Structures are given as C-alpha cells and as structure tokens.
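>>> Below are the sequence and a predicted model; questions follow.
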Amino acid sequence: MQLDEWLCIGIPEDVMEQASAWLARLDADHVSLDEQQLLAAWLDEDPLHRWAFEELSQLYARVASLSHMRGQIHAPRVMIFPQVSPPPQPPVTQYAQIHAPHWQSVLALVLIAAGLILALTLQGPAAATGNPGNTCTADSPCVTSDAAGSHPAHHNPPTPATEQFQIHGE
Amino acid sequence: MSNGIFSNFRFSSFAASLLRPGPSVEQQVNALYGETHEQLLASLCRMLEPAQAEEVLQEAYLKLFLALEEDRRLEPRPFLFRVARNLAISVLRHQKVVEQHGMAAQHHPQPAIQEDAVENRVSRDEEQRALLAAINALPPKCRQVFVMRKIDGHSHEEIARILDISPKTVENHLAKGMRLCREHLVASTGAQPDSAAAEGSEEIRLAAG
C-alpha cells in the first residue's frame, strides 16, 4: 500500500521528466526566489504536476533510509580532502618534499667527503708528527693552533669526522 | 456564575450554527466543484478512461462532502486532490491485476481486498530491499552521483568538483536516477500483485471448496 502511494503510477512520462528535473533543482544548494515561484506556478498548473512532485519527493526522501546498507550499494565511497581542487599541486610539493632531503643529503655527503679528503691531506701528517700514539678528543682537538687560526670556518665543521678518521686510522 | 457559563455556551453554539449553517458544506463543495472539476477531469483523463475518470471524480467529491460534514476545519482542496489521486491509483492497480489475471479477477471484488491486505504486509525491509535493487540497477555514473548525494550526503558542488562535471550535470544525473529508480520499483512491485492475487484466488478456492 505504502509503495503504491509514491510510485507515480499512471503519471505520464513528460510530467515525470518535469517533476524529476524540478526536484533535482530544488535539491541543489542555491535555489533562487524566482525559481521557487516558478515551481509554485508549475505545481498549481496541473494536478498531475503536484501528484508527480509529491510522490517522487517521497521516493527521493526514502532513498536516504538506505544509509545503513551502504556496504551493499555498488558505488565507491569518495572521501573529500580539503585540497582536492588543485590536483596537480600536491604532487609537485610532494616531489619537492621527497627530493629536497635527498639533494641535501647528497650535498652533505659530498661536503663530508671533501672535508675528509682535506683533513686527510692537511692533518694526516700534522697528527702523526704532533701527538703520536694519542687519540684526539673533543676537548683537545688535533688541530694545531696556527691551522685553527688560519682556517676556522673550514676546519670546525668536519672536526668529528676527522677525529673518527684518526681513531680508525690508528 | 454557572449560569453565565451556561448562557455563554448556549450563545456560542447558537452563533456557530448561524455562522455555519447546514447547507454551507454543500455550497462549499459546489463552489470547489465549479473551480476544480474541469481541471481534475482533464488530469485524470491522462491516467484513466474518460468514464472511469468521471466516476473517480464524483466519488472524490462525495468523500470530500462526507469528510467536511465530519470535520469542518478540513482544508477542502488538498483533501480533494489527494482523494482523487488515491482513487485513481486503486483503479489503476486493479486494472493491472485484471490485465494479469484475465476476467476472473474482475468478477470477484475479493482479490482487490486481499491484495490490499498483502500489500500492507509489505514490510519496511522489503521496501528497502526493493529500493536497494533499484539503485544498484542504475547506470554507473548516475548511480555514483545518486549515492554520493543521497547516501553519503555530499552537496551538488562537492560532487561536481570531485567527479569533474558541471553542477547541471549533477542535477541531470539525480533527476534521471529518480526516474529510473521509480521505474525499477514499479516493474519489481508489478510482480507483487501477481502473487497477491494468486494467494487471494487460492483462498477463494479454499473457501469455495
């Protein structure tokens, strides 16, 4: 009984087309006053219009009652993320984020290698002659005072590396 | 004091009978008849045979008359339109049963009653199952839009953005979805009066035997 009352039985196809278009229009977020007045006029125009619109509204409203059966509906669920609108943008930033550290690490490795080579060529003989048999510590770095004075900026960062090298060297 | 209340009551009922004299229901229905008859008949004629349409309409005015006699606060016009539509639906439903079962059903008034009883038993579960089947039968794109709107509760704008279509296309998919769902439901419930009538005639046979 209930079903029959909202299935628009016997309503002509052209009226169904109009009723469904109106209902979909009314379902949108923004419906102007003009459109609402047009709809009111259309509903009053013919009893068939009102019957079709009322019954189809019933059907449309009842569809929402299926939400608990979501798993049985064959339509993928789409999640909305805030920055969905510019899709090319996120990959670019992601790329930059992923590759920036890579670049930096490569650069850091190169610098470390350069530091090691420098330390090996400059400090190797100095350490060997200056304090033989002694391991260097952070408190008493293995750089001679004149070397530290002449190249403070270059020698300070690779100090731990040179220490390690010398430890392993012995 | 009680005298005052009593006279008050007498006065109000007297005033009421003056303001709403007996013939006014008739006048009201007659006036509405003049306003609506032609329009309603034209509409009903798009669903029914002219003779049936006239019959349905006369019954609707009669029902309105009786209902107004019962309750004067009734809104006559919406009531009349609803009654006319419901009567048309039951005629159409009966026609369908007759079409499916030949003349046998026409002779017996009982199948219609039986059918009503059976359809009343159509539970909410069955209704939902029928709706679910109708949605799953929609074309994929239409179904996606329809479900995103009605089940997942997205706005038209959101759907348009996610699926990269215009809001007007969203509307068109929704409108089409409603129509197709309705057609599917009509087709699938078309099988129900079938079983209902079969059950009904079986009971009649049992009763006869």
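Everything's here; your move. Since we're looking at a predicted model, the values are computed, not measured. Numbers count the residues shown, from 1 in each chain, chains lettered A, B, ... in the order given.

>>> Could you tell me how many residues sit around residue B:29?
Using other C-beta atoms under 10 Å in any protein chain shown, residue B:29 has 19 other residues around it. In short, each C-beta sits where N, CA and C put it, glycine included.

>>> Just confirm it contacts residue B:64, I think it does.
Yes. Residue B:29 is within contact range of residue B:64, at 5.9 Å (criterion: C-beta atoms under 8 Å).

>>> Now for the two: what residues contact both?
When contacts are counted by C-beta atoms under 8 Å, 6 or more residues apart in numbering or on different chains, the set common to residue B:29 and residue B:64 consists of residue B:76.

>>> mind listing what residue B:32 touches?
Remark: with contacts taken as C-beta under 8 Å, 6+ apart, residue B:32 is in contact with B:61, B:64, B:76, B:77, B:80.

>>> if I look at residue B:184, how far off is residue B:127?
For residue B:184, the distance to residue B:127 equals 13 Å [C-beta to C-beta, to the nearest Å].

>>> do the same with residue B:134
Applying C-beta to C-beta to residue B:134 and residue B:127 gives a distance of 11 Å.

>>> likewise residue A:12?
Taking C-beta to C-beta as the measure, residue A:12 falls 25 Å from residue B:127.

>>> name the helices or strands packed onto the longest helix seen in chain B?
Using DSSP state H to define each element, chain B has its longest helix at helix B:76-101. The contact analysis (3 or more C-beta pairs under 8 Å, 6 or more residues apart in numbering or on different chains; DSSP states H and E) places helix B:76-101 against helix A:2-5, helix A:47-63, helix B:23-44, helix B:50-70, helix B:103-107, helix B:110-120, helix B:191-208.

>>> Point out where chain A drops to low pLDDT.
Regions of chain A meeting the criterion pLDDT under 70 cover residues A:1-2, A:81-101, A:123-170.

>>> which stretches of it form helices?
Taking DSSP H to define them, one finds helices in chain A at A:2-5, A:13-26, A:33-45, A:47-63, A:89-130, A:145-150, A:152-155, A:159-169.

>>> Tell me where the model's unsure across chain B.
When residues are selected by pLDDT under 70, those of chain B lie in B:1-23, B:102-122, B:190-209.

>>> again, only this time at 90
For chain B, the stretches flagged by pLDDT under 90 are B:1-24, B:72, B:93-127, B:188-209.

>>> Near residue B:62, how many other residues are there?
12.

>>> Over to residue B:127?
Per other C-beta under 10 Å, the neighbour tally for residue B:127 reads 16.

>>> Spatially nearest residue to it (excluding sequence neighbours)?
Spatial nearest neighbour of residue B:127, excluding adjacent residues (C-beta to C-beta, 6 or more residues apart in numbering or on different chains): residue A:3 at 6.2 Å.

>>> and the gap between that neighbour and residue B:174?
Distance check for residue A:3 against residue B:174: by C-beta to C-beta, it reads 21 Å.

>>> When the two are compared, which one has more neighbours?
residue B:174 (26 against 21).

>>> Work out for me the element that one sits within.
Per DSSP states H and E: residue B:174 is located in helix B:167-189.

>>> do the same with residue B:160
Following DSSP H and E, one finds residue B:160 within helix B:156-163.

>>> Against which helices or strands is that helix packed?
helix B:140-150, helix B:167-189.

>>> residues making contact with that helix?
Residues outside helix B:156-163 that contact it (C-beta under 8 Å, 6+ apart) are A:27-29, A:78, A:80, A:84-85, B:144-145, B:148-149, B:154, B:165-167, B:169-171.

>>> again, 6 Å this time
Helix B:156-163 is contacted from outside by A:28, A:29, A:78, B:145, B:148, B:167, B:170, using C-beta atoms under 6 Å, 6 or more residues apart in numbering or on different chains.
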